[in-house]
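**Q** can't give you the sequence, but here's the structure:
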């Protein structure tokens, strides 16, 4: 299993600003994933972050808007840049570990953009 | 990853057994079936995983027919605290580089 801590848990931001979300894992993991979940919706994968390499972004997500860092095997950050109200969402960090390849999630970071 | 289809929502009563079925017609030979549970304001939580026939753990059972084109998550004697969204995922989690969530089933348990 894995315990994942995300910061901030929630924030209210002004349009045009940027916010960086931190994800800390209690064990070393190869792959980390960033998801977005809009109210009442399912999870949408933003990108996959491997340590030591560039993140791989899903269709509809670009590095300029969602830059990701992965400096070591226990930590990652996701920045939401130049925010607009459409970016209001919950952002979730996840790692894949365990014998069954199951995902473990952080509690999420709830972002509100005014 | 194989696409999955689940009911959008279900209602049940406390003490009942709840069965949520997931269709995955394009499941591949190496794919596993995994279910997650998500409570409001929390990230999804792994419930159970199976490949064929039946798997049971302390939380749920997973029934998979021989053709593996569908699966059924069974929650015995549900309580109000089982109200959540349940996601069915199909893929080789040990090999795939990413995991994609479908729409899930919103289960509402009534007193």
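**A** Looks like it arrived, so ask away. These numbers were taken from a predicted model, which means no experiment stands behind them.

**Q** So residue B:103 sits against residue B:6, correct?
**A** Yes. Shown here, residue B:103 and residue B:6 form a contact pair, counting by C-beta atoms under 8 Å, at 6.8 Å. (Each C-beta comes from the backbone N, C-alpha and C, glycine too.)

**Q** So for the two, which residue has more residues nearby?
**A** residue B:6 (22 against 15; other C-beta atoms under 10 Å in any protein chain shown).

**Q** Which residue is the nearest non-sequential neighbour of the more buried one?
**A** Using C-beta to C-beta, 6 or more residues apart in numbering or on different chains and skipping residues adjacent in sequence, the residue nearest residue B:6 is residue B:105, 4.6 Å away.

**Q** Next: residue A:8.
**A** residue A:109 is the one closest to residue A:8 (C-beta to C-beta, 6+ apart), at 5.8 Å.

**Q** surely the one you found meets residue A:12?
**A** No. Taking contacts as C-beta under 8 Å, residue A:109 lies outside contact range of residue A:12: 11.9 Å.

**Q** ok, the residue of chain B found nearest chain A - how many residues close by?
**A** Relative to chain A, the nearest point of chain B is residue B:43 (2.6 Å; C-beta to the nearest C-beta). Close neighbours of residue B:43, defined as other C-beta under 10 Å, add up to 22.

**Q** sec struct for it, please.
**A** Secondary structure assignment for residue B:43 (DSSP: H, G, I helix; E, B strand; the rest coil): coil.

**Q** Is chain A within reach of stretch B:77-89?
**A** Yes. Shown here: stretch B:77-89 in contact with chain A (C-beta under 8 Å from any C-beta of the partner chain) through residue B:87.
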